[in-house]
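Asks: Quick one, fold the following:
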Amino acid sequence: MSQFIWMGILPACLIAFVLIVRRPARQFAEEIHLDHARELFRQQREWLEARFLTALGKADPIEGIRWEEAQWHNEILWARDRQTRRLLAMIAVHFNASPFEDTGEPFTRHATALFEFRKGRWFAEGKRLDEVQPNELVGRNQRFEAVVLNRRG
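Replies: Okay, here's the model as predicted:
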């Protein structure tokens, strides 16, 4: 009889253990993954920005020309796409109005350049969101969640 009790209790305990440990283990793995991805992005940033401009220029040559004069910010906002769970690097970009636009007076516009980390490497596919800065994008858009960085001393 005690054998039957143990056959029921042991699997229940194992299931409870897995349910309790699964989230902290996933968070730990994601933190290690995040640290690696951040370091790779910092090492490859200039190359990634050049790839971004190349991809954007192929998709839309006029946009490519306009973005070549853009001013890239140093700050990076790390986020995660809630649908794909992929890590994103978002960089604010400012640029002047296009010389093709006749607005009367020059004004500064802003946009967000998106870089995606998948399969252990960064991709720069020319994805951007115009007229929105990274912090606004994460704050207003339910698709993206900010990644909280744990600072180790």
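Asks: His110: which element?
Replies: Assigned by DSSP states H and E, His110 falls within strand 108-118.
Asks: After that strand, which helix or strand is next?
Replies: Downstream of strand 108-118, the first helix or strand assigned by DSSP H and E is strand 121-123.
Asks: now for that next one, which elements pack on it?
Replies: Under the contact criterion of 3 or more Cβ pairs under 8 Å, 6 or more residues apart in numbering; DSSP states H and E, strand 121-123 touches helix 2-59, strand 108-118. Placement of C-beta: from N, CA and C, glycine included.
Asks: Report the strands that pair with the shortest one, each with its relative direction.
Replies: Strands that pair with strand 108-118, judged by DSSP bridges, come out as strand 87-96 (antiparallel), strand 121-123 (antiparallel), strand 128-130 (antiparallel).
Asks: Can you tell me which of those strands is nearest to Ala55?
Replies: For Ala55, the closest of these is strand 121-123, at 9.1 Å, according to Cβ to Cβ.
Asks: and among the strands paired with strand 108-118, the most buried is which?
Replies: Ranked by mean neighbour count, those are led by strand 87-96 with a mean of 20 (mean count of other Cβ atoms under 10 Å).
Asks: Mind putting the helices and strands packed on strand 121-123 into a markdown table with mean pLDDT, mean neighbour count and distance to Gly126?
Replies: Output for the helices and strands packed on strand 121-123, formatted as a markdown table (pLDDT from 0 to 100; neighbours: other Cβ atoms under 10 Å; distance: least, Cβ to Cβ, whole Å):
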| stretch | mean pLDDT | mean neighbour count | distance to Gly126 |
| --- | --- | --- | --- |
| helix 2-59 | 83 | 12 | 3 |
| strand 108-118 | 90 | 18 | 9 |
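Asks: May I see these organised as a markdown table, with distance to Val138 added?
Replies: Formatted as a markdown table, the helices and strands packed on strand 121-123 follow (distance: least, Cβ to Cβ, whole Å):
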| stretch | distance to Val138 |
| --- | --- |
| helix 2-59 | 15 |
| strand 108-118 | 10 |
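Asks: And Arg85, how far from His33?
Replies: Per Cβ to Cβ, to the nearest Å, Arg85 is found 11 Å from His33.
Asks: ok, back up a step: if we compare the helices and strands packed on strand 121-123, which one ends up closest to Glu131?
Replies: strand 108-118 (6.6 Å).
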